[in-house]
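Enquirer: just to be clear, the model below is a prediction. Sequence and coordinates:
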There are 2 protein chains.
Amino acid sequence: MPRVSQDHLDARRRQILDGARACFARHGYEGATVRRLEEATGLSRGAIFHHFRDKESLFLALAEDEAHRMAEVVARHGLVQVMHDLLSTQDGQAADWLGTRLEVSRRLRTDPEFRARWAERSEELTLATKQRLLRQREAGKLRDDVDVDVLTSFLELVLEGLVSHLAMGLPASGLEPVLDMVEDSVRRHRQGAAAVTGADSL
Amino acid sequence: MPRVSQDHLDARRRQILDGARACFARHGYEGATVRRLEEATGLSRGAIFHHFRDKESLFLALAEDEAHRMAEVVARHGLVQVMHDLLSTQDGQAADWLGTRLEVSRRLRTDPEFRARWAERSEELTLATKQRLLRQREAGKLRDDVDVDVLTSFLELVLEGLVSHLAMGLPASGLEPVLDMVEDSVRRHRQGAAAVTGADSL
């Protein structure tokens, strides 16, 4: 049996994830049957489930991928930037993701084990958000009258609202000034002066 | 044939709505079969569909009921109070409603006709929110550097986030200070002073 290189395994894993993402987006979680996953990835069920234990593990790997990608944006540009990105990329991967998120939400409600596995995967985003806020506070850019945990929860709650709003197919127009207001709400203001402008995003 | 009084019709309609709400909450929208709706309401399918054209109309009547109830709270106490109420009544009708909201969200995404009927029913809440904010602005309690439409969208986005959060069964603990921060974000602040406290809710 020939040795399979790590590069080859990584590429195969990537191929499965990309195909599966499109498949979940088009058919939803329940509708993404094994046959459809085979068609979307161009691989046999044997090959797919060699890399992922089952459909749920495959889906959770996608969730982890997405949380990781968002956490990288948060570290560099803040959670509000993730929201701006969601608004501006209403086609392609972001939109794909949103549709499936709604089915995840349903499942989260009824399946405690799934909720625990999901929470593990989304923790990275919360951590990245909190760490960035702590750095911004040290730099004097953050309001200091509200606990960083509260600011983190606030930003996450707005993100949840935005995800839900877009996933429902509601219009994205008019939300940019709302995000500016959200950004402004966590920022430090000079006493008796207008908001600090031109600073980095939080 | 005896004349049926309006009171009797109203009471019957109420009986159907209350039973249906519990039924949707327990079984979800798809799982609430006609047989289960009969059991939950204690009425025959003939009686149920005498009052409501079909299952969707019955569900939309529940949505309208809920939007109306929320709009009344908004008019008196503001949208943030609706959010506080959601946090504090995690059992009973509020929780019932949340679970089904997630299925509505899925449906909204894929069914434009349903989305239009739903939007019509939830418009009342947006109007009530905006009207209250306009009154608060006249009273000098609202920040005046952000358009009322933006403030309305901001509050609605946070509400959507909260509904999504709670519907997923995520913990409500720690969200009260977040709502206080949301309230504070739309309020007028005296220049160079701390937030106005003790005022009415926005």
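Expert: Alright, I've got the coordinates. Quantities reported herein were computed from a predicted structural model and do not represent experimental measurements.
Enquirer: helix or strand right after the helix or strand of chain A with the lowest mean pLDDT?
Expert: Here the helix or strand of chain A ranked lowest by mean pLDDT, DSSP states H and E is helix A:93-110, holding a mean of 70. Downstream of helix A:93-110, the next assigned helix or strand under DSSP states H and E is helix A:112-138.
Enquirer: which neighbouring elements make contact with that next one?
Expert: helix A:55-77, helix A:79-88, helix A:93-110, helix A:148-167 (3 or more C-beta pairs under 8 Å, 6 or more residues apart in numbering or on different chains; DSSP states H and E). (Each C-beta comes from the backbone N, C-alpha and C, glycine too.)
Enquirer: contacting residues around the residue of chain A found nearest chain B?
Expert: Nearest residue of chain A to chain B: residue A:161, at 3.0 Å (C-beta to the nearest C-beta). Residues counted as contacts of residue A:161 (C-beta atoms under 8 Å, 6 or more residues apart in numbering or on different chains) are B:156-162, B:164.
Enquirer: picking up where we left off before, which of the helices and strands packed on helix A:112-138 has the lowest mean pLDDT?
Expert: Across the helices and strands packed on helix A:112-138, helix A:93-110 has the smallest mean pLDDT, namely a mean of 70.
Enquirer: I'd like the helices and strands packed on helix A:112-138 laid out as JSON lines, including distance to residue A:174.
Expert: Below are the helices and strands packed on helix A:112-138 laid out as JSON lines (distance: least, C-beta to C-beta, whole Å):
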{"stretch": "helix A:55-77", "distance to residue A:174": "22"}
{"stretch": "helix A:79-88", "distance to residue A:174": "10"}
{"stretch": "helix A:93-110", "distance to residue A:174": "18"}
{"stretch": "helix A:148-167", "distance to residue A:174": "11"}
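Enquirer: can you say which of the ones you listed is packed in most?
Expert: Ranked by mean neighbour count, the helices and strands packed on helix A:112-138 are led by helix A:148-167 with a mean of 22 (mean count of other C-beta atoms under 10 Å in any protein chain shown).
Enquirer: buried residues in the next helix or strand after that helix?
Expert: Next helix or strand after helix A:148-167 toward the C-terminus (DSSP H and E): helix A:176-186. The neighbour-count criterion (16 or more other C-beta atoms under 10 Å in any protein chain shown) identifies A:178-179, A:181-186 as the buried residues of helix A:176-186.
Enquirer: and the residues you listed, which is closest to residue A:141?
Expert: Distance to residue A:141 across the buried residues of helix A:176-186 (C-beta to C-beta) is lowest for residue A:186, with 9.3 Å.
Enquirer: that closest one reaches residue A:145, doesn't it?
Expert: No - taking contacts as C-beta atoms under 8 Å, residue A:186 lies outside contact range of residue A:145: 11.1 Å.
Enquirer: how about the residue of chain A closest to chain B, nearest residue that isn't a chain neighbour?
Expert: residue B:161 (3.0 Å; C-beta to C-beta, 6 or more residues apart in numbering or on different chains).
Enquirer: neighbouring contacts of stretch A:58-75?
Expert: Contacts for stretch A:58-75 (C-beta under 8 Å, 6+ apart): A:16-17, A:20-21, A:24, A:29, A:37, A:48, A:52, A:81-82, A:85, A:97, A:100, A:104, A:117-118, A:121-122, A:124-125, A:127-129, A:131-132.
Enquirer: taking those residues, please make a ChimeraX selection of just the buried ones.
Expert: Only the buried entries of the contacts of stretch A:58-75 go into this ChimeraX selection, using 16+ other C-beta under 10 Å:
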select /A:16,17,20,21,24,29,37,48,52,81,82,97,100,104,117,118,121,122,124,125,128,129,132
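Enquirer: need the contact list for residue A:122.
Expert: By C-beta under 8 Å, 6+ apart, the contact list for residue A:122 reads A:63, A:67.
Enquirer: how far away is it from residue B:44?
Expert: 46 Å (C-beta to C-beta, to the nearest Å).
Enquirer: ok, now residue A:46?
Expert: 52 Å.
Enquirer: with residue A:55 instead?
Expert: Separation of residue A:55 from residue B:44 (C-beta to C-beta): 41 Å.
Enquirer: now do residue A:54
Expert: Relative to residue B:44, and taking C-beta to C-beta, residue A:54 is found at 44 Å.
Enquirer: got it, and residue A:32?
Expert: Taking C-beta to C-beta, one finds residue A:32 at 39 Å from residue B:44.
Enquirer: same check on residue A:173?
Expert: 46 Å.
Enquirer: so the two - more neighbours on which side?
Expert: Between residue A:173 and residue B:44, residue B:44 has the larger neighbour count (other C-beta atoms under 10 Å in any protein chain shown), namely 11 against 7.
Enquirer: surely that one meets residue B:37?
Expert: No - if you go by C-beta under 8 Å, residue B:44 and residue B:37 don't touch, sitting 10.1 Å apart.
Enquirer: near chain B too, which of the buried residues of helix A:176-186?
Expert: Checking the buried residues of helix A:176-186 against chain B by C-beta under 8 Å from any C-beta of the partner chain, the ones in range are A:178, A:181-182, A:185.
Enquirer: a markdown table please, covering the residues you listed and showing pLDDT.
Expert: As requested, these are exported to a markdown table (pLDDT from 0 to 100):
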| residue | pLDDT |
| --- | --- |
| A:178 | 97 |
| A:181 | 95 |
| A:182 | 96 |
| A:185 | 93 |
